[in-house]
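In: Fold the following for me, if possible:
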Amino acid sequence: MKKILITGLTLMALFKGYSQVAADSSAYKSKKLKIDEINLVSSYYKQDGDNSAVTGGIGTEELTDISNTIDVKMIKYNQKGKKQTFDVEVGIDRYTSASSDRIDMQANSSASSEDVRFYPSLSYSVEDEAKGITLSAGLSSSTEFDYQSFGGNIGYARKTKDRNGEFVARFQTFLDQVKIIKPTELRTSGGYDTEARNTFALSLSYSQIVNKNLQVMLLADVITQQGYLSLPFHRVYFAGETLARQELLPDNRLKIPLAVRASYFLGDNVIIRGYYRYYTDDWKLSSHTVNLEIPVKLSAFFSVSPFYRYYTQTKTKYFEEYGVHTAASEFYTSNFDLSTFNSNFFGTGIKITPLKGVFGIQKLHTLEMRYGHYTRTTQMVSNIISISLKYK
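Out: Okay, the predicted model is just below:
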């Protein structure tokens, strides 16, 4: 937790220095690129459980993760009066994992026992405000010891004539390289090969302001994956065998999530936000998600947002617990993320928007803190706390 707070306070000092020299914002459409918004999010996550896939579905799942991201949004108007938005985001995670440390079955011996993930992204959009049309594109990457990912996306959005509705289409691709780190007893050489994993996703949504109190959004995705979809250091123990095998899953997967989101405004101080998602794929895994959040404005500068999420899924046809798989299994995993389980996630958020700015910095106008507690029927538990600051 100290690392999170130190990062936040350091960047607040930078924000304060910037606010003293930032140009005064005005109503005219500036043709010079200017910073519109800066967001900083820091979080601390900790989990534990007894169903690690690294040791065949048994053993510790203890993990901690410290995450810090900074997002800078800049805008300008071109010669044709179209709004251009540039968004630069950089994130760094540092995690330690007791389960990954069992790849070599010896404490502090595995390359993945602790790691740092670095994930920058850049996006650009141009909006014709008169026609209500927005075009966008973006690039991203994610790097850690055993995984390298490069992503790209393009998007199209169009508002209805009355501006009460909007259709959005987005296509994304992720081209990944997985380093094949096998369990120590299954290695035949000292080096690591790599395998490709590619993901392609089409996302469609339509949002509508029904009336002054109700807003609704419909969402649909089609996601396809090809390549190496297993995790190479996941062990699987077959019935009657003492020597582990390496997890083996098909080299393609089709996922289809469908969702609806709604926000209902109860006067000026209470919002009810609901969300439901149904998911299915060709590995025969299906799930339902229900989420409810109720932000309550207690004063002009302070609000709380209690939330609750219930999730339930049925297992993929390739999952069995430790020592259950047989020779009849063409594909096999003991990863409990692919098992049948129910989970509950609940907590609350606190948002502060002081009139004179957070810590007296006028442009640092929002401080938000969130805490969540997660449990699932496989006995895994986790806690997450996050702090976000918005400079605008």
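
In: Mind jotting down where the strands sit in the stretch 201-350 of the chain?
Out: 214-227, 235-236, 245-246, 252-266, 270-281, 286-293, 296-299, 302-314, 341-352 (DSSP state E, counting those that start in this stretch).

In: what is the orientation angle of the first one with strand 270-281?
Out: Yep, that's strand 214-227 we're talking about. Taking axes from the mean of the first three to the mean of the last three C-alpha atoms, to 10 degrees, strand 214-227 and strand 270-281 form an angle of 30 degrees between their directions.

In: Give me the residue ranges of the stretch 1-150 of the chain where confidence is low.
Out: For the stretch 1-150 of the chain, applying pLDDT under 70 flags the ranges 1-28, 30, 105-113.

In: Going along the chain, name the helices of it.
Out: 2-19 (DSSP state H, counting those that start in this stretch).

In: That one: strands as residue ranges?
Out: 34-48, 63-77, 83-97, 114-128, 133-144, 147-159.

In: Tyr192 in helix, strand or coil?
Out: What DSSP: H, G, I helix; E, B strand; the rest coil gives for Tyr192 is coil.

In: What's the separation between Arg245 and Asp282?
Out: 23 Å (C-beta to C-beta, to the nearest Å). C-beta here means a position set from N, CA and C on the backbone, and glycine is covered the same way.

In: ok, these two, which is more surrounded?
Out: Taking other C-beta atoms under 10 Å, Arg245 and Asp282 do not tie; Arg245 has more neighbours (18 against 14).

In: Who is that one paired with across the strands?
Out: Beta bridges link Arg245 to Val236, judged by DSSP bridges.

In: shouldn't it be in contact with Arg235?
Out: Yes: in this structure Arg245 lies within contact range of Arg235 using C-beta atoms under 8 Å: 7.2 Å.

In: so who does Ser343 touch?
Out: When contacts are counted by C-beta atoms under 8 Å, 6 or more residues apart in numbering, Ser343 is found next to Arg309, Tyr310, Tyr311, Thr312, Tyr374, Thr375, Arg376, Thr377.

In: if you set the cut-off to 7 Å instead, what comes out?
Out: Under the criterion of C-beta atoms under 7 Å, 6 or more residues apart in numbering, the neighbours of Ser343 are Tyr311, Tyr374, Thr375, Arg376.

In: Please apply the same query to Asp36.
Out: Lys73, Met74, Ile75.

In: Weed out the non-buried ones from those.
Out: Those of those that meet the buried threshold are Lys73, Ile75, by 16 or more other C-beta atoms under 10 Å.

In: which of the contacts of Asp36 lies closest to Asp104?
Out: Nearest to Asp104, judged by C-beta to C-beta, of the contacts of Asp36 is Lys73 at 43.5 Å.

In: so that closest one bridges to which residues?
Out: Glu37, Asp87.

In: Ok, Phe345 next?
Out: Bridge pairing for Phe345 - DSSP bridges - gives Arg309, Tyr374.

In: now swap in Tyr276 and tell me
Out: For Tyr276, the beta-bridge partners are Val260, Val290 (DSSP bridges).

In: That one: neighbouring residues, count only.
Out: By other C-beta under 10 Å, the residues close to Tyr276 number 14.

In: per-residue confidence for it?
Out: With respect to pLDDT, Tyr276 has a value of 98.

In: what's near enough to touch it?
Out: Under the criterion of C-beta under 7 Å, 6+ apart, the contact list for Tyr276 reads Ala259, Val260, Thr289, Val290.

In: wait, Tyr206 sits on Leu219?
Out: No: using C-beta atoms under 7 Å, Tyr206 makes no contact with Leu219, being 8.4 Å away.

In: Provide the count of other residues in contact range of Thr160.
Out: 14.

In: How about Thr316?
Out: Thr316: 21 surrounding residues under other C-beta under 10 Å.
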